[in-house]
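Student: This is a predicted model, with the sequence first.
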Amino acid sequence: MDKNKEVKPEWLEKGFADEPVPAGTDLKAEIRRLCQEKNAVILAHYYTEADVQDVADIVGDSLALAQQAARTDADIILMCGVHFMGETCKLLCPAKKVLLPDLGATCSLAESCPPEEFAAFVRRYPDHKVISYVNTSAATKAVTDVVVTSGNARQIVESFPPSQPLIFGPDRNLGAYINAVTGRQMLLWDGACHVHERFSARRVEELKRRFPEAKVLVHPECRGEVVRLADKVGSTAALLRYAAESEADTFLVVTESGILHEMLRRAPQKKFIPVPPEEGGACNECGYMRLVTLRKMYNALRCEWPAVEVDPAIAEAAVRPIRRMLEISARLGL
Ligand code: 13P
Ligand code: SF4
C-alpha cells in the first residue's frame, strides 16, 4: 500500500500529519524502528520538547545540526526544529528526503526578513559583503555571501579584513552584540526573534536579587540591556558547555526553556532557573519549536511526508554561503 497516498490528501492543507495512533503504541520505539528500517537520522534542536530530544540521534545547536546534515549518509533526515533548519538540510543534501514534522514550524526571526526587501537593501550597498544569520529563508541566503550561526558569528565576522564593509541580517540584537565585541560597524537589518525579545533586564535583575550567586546565561538574540547582565553570552551549545564546566551551581537561563532538558541531563546536581519573559509566566517558549511532537515525527517517518523542498532556481545561490560557513568553521576548528 502506498502510505503517502493514504495520508497526504487528508493532511496536505495543514502541513503536518497528526493522525491518531492505536492506543498503547510506543511512539519512541516505533520511531526508532522506522529510522532503522528506512535508514533515517533524526536531528533535533535543543529548543524542542524533552521527549523529542530523547528520541533523536543528534541534538545540537544550529551550527552542529548543519554540520551533521552535511556529513550524514542516511537516506532520510527528519529535522526536528523549524523550517529554515529543514531548508538548510535540503540545500546541503539535495538528493536526500528531508522531513519536517510540521511545515508550520516557521521562525519569527526568519520572517522578519522578507527576501525581496532584504535583496533591495543589499543592492543599495554594492561594496558591502553580506552576512546572514542561519535563521533566514533560502531566498535570503541566496543574496548572502556567508551564513553564520550564533556559534560562529564572531569568528566569521572577524575573518573579514577590518576595511571590508559588512551588512548583517536579520537579527539586530545579535548584530549589535557582534558589533560591540568586534568593534565593527556592520549595517544591521532590523529583525528580531519574538521569543528572545521578550526577555528584560528587569526580570533578570529581580531573580539576581533572589539568587545573587547565580551565573547569568544569555543567548545573543536577546536585547542589549539583557546581554549586558550576562556572565556568559553564547549559542545554545556554548551556554550548555559553560553551565556544565562552570564551578557555579546556580544559573539564570535567558533563552528558550527547551534547553533546560539538556542542561539538567549534563549537570543534574545544578540548579537552572528559567528567566520568565517581561510579561510574566513560568518560562519562555518558542511555539514553533513546540509544534514538533512524537506523533508528528512518527507519522512523518511512516508516510515520508511532509518533505521540505527548495526552489531549484535559488538552491545553488542559497547553498554557497552555507558551504562557506562550514568551510570557515572547519578551518577555525568550530
Ligand atoms: P543556536 O542554535 O545557534 O543557539 O540558535 C538558537 C535559535 O534561535 C535557533 O532557532
Ligand atoms: Fe526562531 Fe526565535 Fe523560535 Fe529560534 S526561538 S526558532 S529564532 S522564533
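Tutor: Received, thanks. Ligands and ions are numbered 1, 2, ... in the order given.
Student: and this protein, which of its residues are near ligand 1?
Tutor: Along the chain, the residues adjacent to ligand 1 under the rule C-beta under 6 Å from any ligand atom are 45, 61-62, 135, 149-151, 193, 221, 235-236. The C-beta positions use only the backbone N, C-alpha and C, and glycine is treated the same way.
Student: Need the max-distance pair from the residues you listed.
Tutor: Gly151 and Cys193 (15.6 Å; C-beta to C-beta).
Student: if we can go back for a sec, can you tell me which of the residues of the chain next to ligand 1 are in helices?
Tutor: Counting by DSSP state H, the members of the residues of the chain next to ligand 1 that fall within helices are 62, 236.
Student: Keep only the residues of the chain next to ligand 1 that also lie close to ligand 2.
Tutor: Intersecting the residues of the chain next to ligand 1 with the contacts of ligand 2 gives 135, 193, 221 (criterion: C-beta under 6 Å from any ligand atom).
Student: I'd like the next helix or strand past the worst-scoring helix or strand of the chain on mean pLDDT.
Tutor: The element with the least model confidence among the helices and strands of the chain, by mean pLDDT, DSSP states H and E, is helix 3-11, at a mean of 57. As assigned by DSSP states H and E, the chain's next helix or strand after helix 3-11 is helix 27-38.
Student: Show me which residues of that following helix are buried.
Tutor: 27, 30-32, 34-35, 38 (16 or more other C-beta atoms under 10 Å).
Student: got the residues of the stretch 151-300 of the chain near ligand 2?
Tutor: Applying C-beta under 6 Å from any ligand atom, we find that the stretch 151-300 of the chain lies next to ligand 2 at 193-195, 221, 256, 286, 288-289.
Student: Point out where the protein drops to low pLDDT.
Tutor: Within the chain, the set of residues satisfying pLDDT under 70 comprises 1-12.
Student: Which neighbouring elements make contact with the longest helix along it?
Tutor: For the chain, the helix with the greatest residue count under DSSP H is helix 312-332. Counting contacts by 3 or more C-beta pairs under 8 Å, 6 or more residues apart in numbering; DSSP states H and E, the secondary-structure elements packed against helix 312-332 are helix 62-71, helix 83-92, helix 138-141, strand 146-148, helix 153-158.
Student: 10 Å - rerun?
Tutor: With contacts taken as 3 or more C-beta pairs under 10 Å, 6 or more residues apart in numbering; DSSP states H and E, helix 312-332 sits against helix 62-71, helix 83-92, strand 129-133, helix 138-141, strand 146-148, helix 153-158.
Student: With mean neighbour count added, can I get the ones you listed in a markdown table?
Tutor: Supplementary listing: the helices and strands packed on helix 312-332 in a markdown table, determined by neighbours: other C-beta atoms under 10 Å:
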| stretch | mean neighbour count |
| --- | --- |
| helix 62-71 | 21 |
| helix 83-92 | 26 |
| strand 129-133 | 24 |
| helix 138-141 | 26 |
| strand 146-148 | 27 |
| helix 153-158 | 20 |
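Student: Which one, of those, ends up nearest to Pro165?
Tutor: Counting by C-beta to C-beta, Pro165 lies closest to strand 129-133 out of the helices and strands packed on helix 312-332; the figure is 7.4 Å.
Student: and the closest one, is it in reach of ligand 2?
Tutor: No - Strand 129-133 lies apart from ligand 2 when judged by C-beta under 6 Å from any ligand atom; the minimum separation is 8.6 Å.
Student: Please compute how far that strand lies from its chain's middle.
Tutor: Using C-alpha atoms, centre = their mean, to the nearest Å, the distance from the centre of strand 129-133 to the centre of the chain it belongs to is 17 Å.
Student: now the angle from that strand to helix 83-92?
Tutor: With axes from the mean of the first three to the mean of the last three C-alpha atoms, to 10 degrees applied, the angle from strand 129-133 to helix 83-92 works out at 120 degrees.
Student: From the contact counts, what lies against strand 129-133?
Tutor: In terms of contacts (3+ C-beta pairs under 10 Å, 6+ apart), strand 129-133 is packed against helix 108-111, helix 115-123, helix 138-141, strand 146-148, helix 153-158, strand 166-169, helix 172-182, helix 312-332.
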